[in-house]
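A.B. asks: mind looking at a prediction? Sequence and model below.
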Amino acid sequence: MLAAILVLAGTLSGCNTQALHQDDIYNPPVYWGSHVVRQGETLYGIAWSYGRDYRELGSANGIGPPWTIRAGQVLRLDRRGKVSSGSGSVSASAPRPSQNTSSRAPVAKSPASTTTTNRKPVVTRGPDKSAPLDSRTQTVASIPWRWPHSGTVIAGYSASGKVNKGVDIAGKAGDAVRAAADGSVVYAGNGLLGYGNLIIVNHNEHYLSAYAHNRKILVSEGEGVKAGQVIAELGGSGSERPMLHFEIRKNGNPVDPTHYLPPR
């Protein structure tokens with residue numbers, strides 16, 4: 001245990017935190033150090049890795065829409081950015097980091113400390129329960145959401161204990177993975193540890209959704225997608241079995257997808 005603490009302390013004392021998001025015993029958000037941009041990385045993917053809102057991280061580094069970054073660029077993680085809201089700009093708060101597991105780790109090392117929004121959002125339009133599940137929608141936060149796959153939920157959202165930042169849905173390799181809502185693909189690749197082949201879709205200035213462990217990605221970064229559109233083939237990349245790991249993040253923070261998706 002002492003050795004592990006010393007190793008972690010050594011890692012945190014460095015000025016560059018490039019390895020932190022590749023460490024499956026560490027759970028973001030990260031508010032110190034720096035990240036050197038590698039070829040093919042996007043601000044969305046980097047912010048996702050460190051548990052940050054892409055707009056806030058961009059603001060902290062003087063980057064604005066369309067959030068363009070370049071290989072070799074150094075992003076300061078110790079700076080707090082501002083995110084524009086309807087009533088002006090608000091500064092990001094920086095919670096103390098914790099040593100709990102990542103969303104994909106099998107066993108929790110310690111109680112999770114999270115900035116997750118736990119308040120259940122308001123449903124403004126309920127689903128048509130007579131419709132099939134794979135076409136049923138529910139409107140929350142002005143977004144009509146639908147299930148990305150109709151398979152059985154085998155692991156639910158959890159912000160403590162065995163942390164899971166989304167839901168895991170069983171399926172067969174090759175099953176269709178569908179966009180949960182209209183949006184634009186802002187990440188499509190396999191550079192984020194524990195997610196395998198991953199797609200991140202931006203729905204509006206507050207909400208992103210993610211689709212992990214795909215066998216094959218069928219969309220490209222920058223491509224617009226419609227709710228229900230097939231965007232990937234379900235697979236087992238980065239997981240022990242074929243499954244879809246699905247997340248929704250609000251302002252960079254994981255939220256319980258079942259608060260947004262239609263009841264089953």
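C.D. replies: Received, thanks.
A.B. asks: okay, now the closest residue to K120 other than its chain neighbours: neighbour count?
C.D. replies: Once flanking residues are discounted, K120 sits nearest to H259: 5.1 Å by Cβ to Cβ, 6 or more residues apart in numbering. Heads up, the C-betas are built off the backbone N, CA and C, glycines and all. Using other Cβ atoms under 10 Å, H259 is surrounded by 18 other residues.
A.B. asks: same thing with G236?
C.D. replies: Residues within reach of G236, counting by other Cβ under 10 Å, total 16.
A.B. asks: and what of P127?
C.D. replies: By other Cβ under 10 Å, the residues close to P127 number 19.
A.B. asks: also the one 4 residues further on?
C.D. replies: Here the neighbour count serves as a burial measure; for A131 (other Cβ under 10 Å) it reads 12.
A.B. asks: and it, how far from T152?
C.D. replies: Distance, A131 to T152, by Cβ to Cβ, to the nearest Å: 19 Å.
A.B. asks: how about V163?
C.D. replies: Separation of V163 from T152 (Cβ to Cβ): 21 Å.
A.B. asks: again with P132
C.D. replies: 16 Å.
A.B. asks: ok, now which ones touch the nearest residue to D53 once chain neighbours are set aside?
C.D. replies: Distances taken as Cβ to Cβ, 6+ apart put G252 closest to D53, at 3.2 Å, once the chain neighbours are dropped. By Cβ atoms under 8 Å, 6 or more residues apart in numbering, the contact list for G252 reads 29, 47, 51-54, 56.
A.B. asks: mind listing which of those are in helices?
C.D. replies: If you go by DSSP state H, the contacts of G252 have 47, 54, 56 in helices.
A.B. asks: what is the nearest of these to H35?
C.D. replies: Nearest to H35 among the ones in helices among the contacts of G252 is A47, at 9.8 Å by Cβ to Cβ.
A.B. asks: how many other residues sit next to that closest one?
C.D. replies: The burial count for A47: 27, using other Cβ under 10 Å.
A.B. asks: spatially nearest residue to it, not counting backbone neighbours?
C.D. replies: Leaving out its chain neighbours, the residue that sits closest to A47 by Cβ to Cβ, 6+ apart is Y54, at 4.0 Å.
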